[in-house]
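In: got a predicted structure plus its sequence, pasted below:
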Amino acid sequence: MAHTVKGRIQTVLGPIEPQKLGMTLTHEHLVADFSIFQAPPPKHAPHMGTLSLTMENLGLIRQYPYSLSANINLHGEEEHMGEELKFYKKNGGCSIVECTSLGLKRDVGKLRKISMESGVNIICGTSYYIDSTHPSDMDTLTQEQLVSTMVHDITEGADGTNVRCGVIGEVGCSWPLTDNERKVLKASAAAQIATGCPVIIHPGRHTDAPTEIIRVLQEAGGDVRATVMSHLDRTFFSAEEFLEFAQLGCFLEWDFFGLEVSGSPWQSVKTDMPNDAARINMILHVLQEGHADQVVISHDMDTKHRLMHYGGHGFSHILLNVVPMMLRKGISQDDINKILIDNPRKWLTFN
Ligand SMILES: CC(=O)NCCS(=O)(=O)O
């Protein structure tokens with residue numbers, strides 16, 4: 001069947017005109033299981049793995065969010081997610097890109113229900129997350145079979161439903177890139193060519209990872225200008241790295257807003273993590289160097305403790321707290337509109 005979404009944006013409730021997208025968070029999770037990030041407890045709290053998400057435990061959980069298994073599985077939080085999205089819409093939010101790809105227990109049926117009940121547009125993702133979450137037969141799956149799965153998710157529907165995916169991603173990459181992740185990247189580029197669907201990448205945790213990934217996508221015929229590179233707040237640490245990468249032409253994403261911790265909570269070797277002020281300072285520099293058309297931002301919500309119900313910053317944090325800080329730091333409203341509205345719209349519109 002000819003794919004009829006060209007020039008439009010594909011949400012879980014069907015295609016919409018780009019002008020209807022509005023303010024958009026480009027990298028979030030609503031229904032996903034991140035048990036693969038389970039981390040050992042700190043020596044001073046050996047039994048924290050069985051704690052409850054209560055106020056007296058919140059300080060410990062904020063420091064070690066992946067040491068509490070109940071915190072890293074979002075399944076079962078649909079009611080609280082619905083409340084979050086209604087609040088997000090009340091504050092001017094319109095759309096969310098839900099980047100849960102294969103390997104993270106995606107459930108597009110639940111996403112459709114949350115979208116219907118909240119009135120927020122949700123765009124869901126296909127392709128595969130990092131190697132450690134790949135299906136057991138990934139070694140034997142051909143690139144053509146992977147393309148077929150992705151194209152089916154986009155043109156017919158995912159998980160046996162008629163809910164169609166509107167992004168390819170997040171496409172998971174480790175460092176170094178594994179052979180199967182390279183195969184998935186090439187298949188993602190082929191699926192993008194076949195459908196005109198935008199792509200979003202999760203790069204490995206190394207400053208050289210984003211450029212290598214863009215090269216693999218380009219060599220496979222991928223459209224770099226319809227591609228978002230996620231997690232740059234934990235991947236690049238100097239203005240020079242951001243500006244050199246921006247020359248490649250893809251979208252640059254700072255997507256850990258609201259995560260105000262000193263060290264990366266995911267890495268055994270702790271790399272420093274910027275706070276929101278540092279993220280904005282770097283974005284301001286990138287804007288001043290002429291890349292306002294390439295910046296997108298988000299929270300990458302992946303644990304319960306960041307939800308308002310559990311004392312977290314919630315999905316409205318960027319709209320309520322980050323935007324005023326951006327304005328105070330000298331970012332214009334026009335550039336904020338580009339970051340939250342124009343750039344997501346351009347990225348998500350099928351070619
Ligand atoms: C949910 C997710 O992908 N978090 C990113 C953690 S990492 O350090 O970028 O792998």
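Out: Arrived safely, thanks for sending.
In: whichever strand or helix holds Val286: which residues count as buried?
Out: In the assignment (DSSP states H and E), Val286 maps to helix 276-288. Residues Asp276, Arg279, Ile280, Met282, Ile283, Val286, Leu287 are the ones in helix 276-288 that count as buried (16 or more other Cβ atoms under 10 Å). Any C-beta I mention is one placed from the backbone N, CA and C, and that applies to glycine too.
In: do stretch 334-351 as well
Out: Buried residues in stretch 334-351, counted by 16+ other Cβ under 10 Å: 335-336, 338-350.
In: would you list every one of the helices in this structure?
Out: 58-63, 78-90, 108-118, 143-155, 179-195, 209-219, 239-246, 276-288, 317, 323-328, 333-337, 343-348 (DSSP state H).
In: quick one: which of these is nearest the ligand?
Out: Shortest distance between the ligand and the helices of the chain, using Cβ to the nearest ligand atom, is found for helix 209-219: 10.2 Å.
In: now the angle from the closest one to helix 239-246?
Out: Here the directions of helix 209-219 and helix 239-246 differ by 10 degrees (axes from the mean of the first three to the mean of the last three Cα atoms, to 10 degrees).
In: other residues contacting helix 209-219?
Out: By Cβ atoms under 8 Å, 6 or more residues apart in numbering, the surrounding residues in contact with helix 209-219 are 173, 175, 177, 182, 185-186, 188-189, 199, 201, 203, 224, 227, 229, 232, 235-236, 245, 248, 250.
In: measure stretch 30-48 end to end?
Out: Using Cα to Cα, to the nearest Å, one end of stretch 30-48 lies 24 Å from the other.
In: equivalent analysis for stretch 318-338, please.
Out: By Cα to Cα, one end of stretch 318-338 lies 14 Å from the other end.
In: what is the neighbour count of the residue in the stretch 101-250 of the chain that the ligand sits nearest to?
Out: Nearest residue of the stretch 101-250 of the chain to the ligand: His231, at 4.2 Å (Cβ to the nearest ligand atom). Residues lying near His231 (other Cβ atoms under 10 Å) number 23.
In: looking at it, it is touching Asp255, isn't it?
Out: Yes - between His231 and Asp255 there is a contact at 6.1 Å, judged by Cβ atoms under 8 Å.
In: show me the common contact partners of those two, please.
Out: Asp300.
In: which residues of the stretch 101-250 of the chain lie near the ligand?
Out: When proximity is defined by Cβ under 6 Å from any ligand atom, the stretch 101-250 of the chain lies next to the ligand at His202, Arg205, His231, Arg234.
In: which ones among those residues lie within strands?
Out: Mapping those onto strands (DSSP state E) picks out His202.
In: buried among the residues of the stretch 101-250 of the chain next to the ligand? Make that a PyMOL selection.
Out: Only the buried entries of those go into this PyMOL selection, using 16+ other Cβ under 10 Å:
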select buried, resi 202+205+231+234
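In: among the residues of the stretch 101-250 of the chain next to the ligand, which two are most distant?
Out: His202 and Arg234 (10.9 Å; Cβ to Cβ).
In: which residues does Tyr88 contact?
Out: Per Cβ under 8 Å, 6+ apart, neighbours of Tyr88: Leu25, Ile96, Ser118, Val120, Gly314, Phe315, Ser316, Leu319.
In: among those residues, which two are most distant?
Out: So, the contacts of Tyr88 by Cβ to Cβ: farthest apart are Ser118 and Leu319, at 15.0 Å.
In: and the pLDDT at Ala2?
Out: Note for Ala2: predicted pLDDT of 50.
In: and if you look at Cys99?
Out: 98.
In: and if you look at Val269?
Out: 65.
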